[in-house]
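Asks: Okay, here's the prediction I keep looking at, along with the sequence it came from:
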Amino acid sequence: MLGPVQQASDEQLLRARTVLLGLRMFYGLYAMHALFMPDTPALAALRARIDEWGMFPVLNHVITLGPSPRHFAEGLAVCLEPLFDGLYETLMEQLAADPALFRLPGDESGAAGFMERWIGTLRGRAQAGRGTM
């Protein structure tokens, strides 16, 4: 697995690192939706792109949010592949087309309103969970 990393040029490794870190961010945004993060059109569009490519299960397997040196090297090796570079470019294009990831429709408070809604949802879920015990 580490052979491709050892054989890659400096430029290839830098690009693979960029792809790996970018895909980690996009994976995190996708996964946070399952943790009651509010949905926005921009976030939904990113998830839709990942789903169009059928890549969430692959990213779920490849991306580690707190990688050991070995996991990081394995991630670099994977991100040397054109498929992952292409996915990263597609997601970056989608982000450029709609960068308002944390802006809820009709809410002019921007990211602050987004976070208030998320925290409110989490508090509500926690209170509901305490009531069922």
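Replies: Sure, I can see it.
Asks: what residues are up against residue 15?
Replies: Taking Cβ atoms under 8 Å, 6 or more residues apart in numbering as the definition of contact, the neighbours of residue 15 are residue 85. Using the backbone N, CA and C atoms, a C-beta is placed for each residue, glycine as well.
Asks: Now name the helix or strand holding it.
Replies: Assigned by DSSP states H and E, residue 15 belongs to helix 10-33.
Asks: and the next element down the chain from that helix?
Replies: As assigned by DSSP H and E, the chain's next helix or strand after helix 10-33 is helix 41-52.
Asks: Now for this structure, the helix or strand with the poorest mean pLDDT.
Replies: Among the secondary structure pieces of the chain, namely its helices and strands, helix 3-7 has the lowest mean (mean pLDDT, DSSP states H and E), a mean of 85.
Asks: Do you know the pLDDT at the residue lying closest to residue 99 once chain neighbours are set aside?
Replies: The shortest distance from residue 99 to any non-neighbouring residue, by Cβ to Cβ, 6 or more residues apart in numbering, is to residue 42 (6.8 Å). According to the per-residue confidence, residue 42 scores 97 in pLDDT.
Asks: What separation is there between the residue nearest the centre of the chain and residue 131?
Replies: Residue closest to the average C-alpha location in the chain (Cα atoms, centre = their mean): residue 26, at 1.9 Å. Residue 26 sits 35 Å away from residue 131, going by Cβ to Cβ, to the nearest Å.
Asks: ok, now which ones touch the nearest residue to residue 63 once chain neighbours are set aside?
Replies: Setting aside the residues directly before and after it, residue 63 is nearest to residue 27 in space (Cβ to Cβ, 6+ apart), at 4.4 Å. Contacts here follow Cβ under 8 Å, 6+ apart; on that basis residue 27 touches 56, 59, 60, 63, 65.
Asks: So, low pLDDT: which residues of the protein?
Replies: Per-residue confidence for the chain (pLDDT under 70) gives these ranges: 1, 65, 132-133.
Asks: what do you get if the cut-off is 90, keeping everything else the same?
Replies: Per-residue confidence for the chain (pLDDT under 90) gives these ranges: 1-6, 34, 61-75, 125, 127-133.
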